[in-house]
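Colleague: Structure of the sequence below:
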Amino acid sequence: MGTLIVLGLVVVLAMVGIGLYNSLVADRNRFKNAFAQIDVQLQRRYDLIPNLVETAKGYLAHERETLEAVIQARNQAQAASRAASAHPDDPRAIAGLAAAEGMLGGAMGRFLALAEAYPDLKANQTMQQLMEELTTTENKIAFARQHFNDAVTTYNNRREQFPSNIVAGMFNFHAGELLEITDPEVREAPKVSFN
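Modeller: Predicted structure coming up:
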């Protein structure tokens, strides 16, 4: 009889452990999927930026340094995005992406402020269309980032709460990193009107 009770307890504990493990895996996969949604929108932005720069080149020929800074920041952010996409559960990759995105945001802010000073560029139909697409993409990125951060928070909460923390420790479930903008200058969206 005592052996049967002990065996029953072992089975119950094993079932609870399996349930906790599966919940951690599901939450980790949820935040990885959420990052994939960010990645799609970031790639769309990375594809739009060269078109914006190319359209502006004729108008901003003497602002070559600003145009090159935008392209360089875009390339760095794209490389960081590829690294984070390969390992969305690596806190260093996510932090690297956040830093690269901060630099890109700063460069784009300077570019947009400069572009606003050129009435012919503001009136250019292609530029207006690209700006509209960029604005839409930025909104989608913000929404996807929020969804990702929510998924990471849910995963981290489950990972740190008892008794899930025991299973998380046994199977090396590492904390997920939030994708946050840390540069206060970048937090403020540039106010540009091409109307």
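Colleague: pLDDT weak spots in this protein?
Modeller: 182-195 (pLDDT under 70).
Colleague: Apply 80 and report the result again.
Modeller: Low-confidence regions of the chain, defined by pLDDT under 80, span residues 61-62, 181-195.
Colleague: That one: strands as residue ranges?
Modeller: Along the chain, no segments are classed as strands by DSSP state E.
Colleague: Going along the chain, name the helices of it.
Modeller: Applying DSSP state H to the chain gives helices spanning 2-57, 64-86, 91-116, 119-123, 125-160, 164-170, 184-187.
Colleague: quick one, which of the ones you listed is nearest to residue 177?
Modeller: Closest of those to residue 177 is helix 91-116, at 3.7 Å (criterion: C-beta to C-beta). (Each C-beta comes from the backbone N, C-alpha and C, glycine too.)
Colleague: can you pull the buried residues of that closest one?
Modeller: Using 16 or more other C-beta atoms under 10 Å as the test for burial, helix 91-116 gives 93-112, 114-115.
Colleague: now do stretch 169-186
Modeller: For stretch 169-186, the neighbour count (16+ other C-beta under 10 Å) marks 173, 176-179, 186 as buried.
Colleague: repeat for stretch 49-66
Modeller: For stretch 49-66, by 16+ other C-beta under 10 Å, it's 49, 52-53, 55-56, 59-60, 63, 66.
Colleague: Go ahead and name everything in contact with it.
Modeller: 67, 70-71, 74, 107-108, 110-111, 114-115, 118, 120-121, 124, 126-127, 130-131, 134 (C-beta atoms under 8 Å, 6 or more residues apart in numbering).
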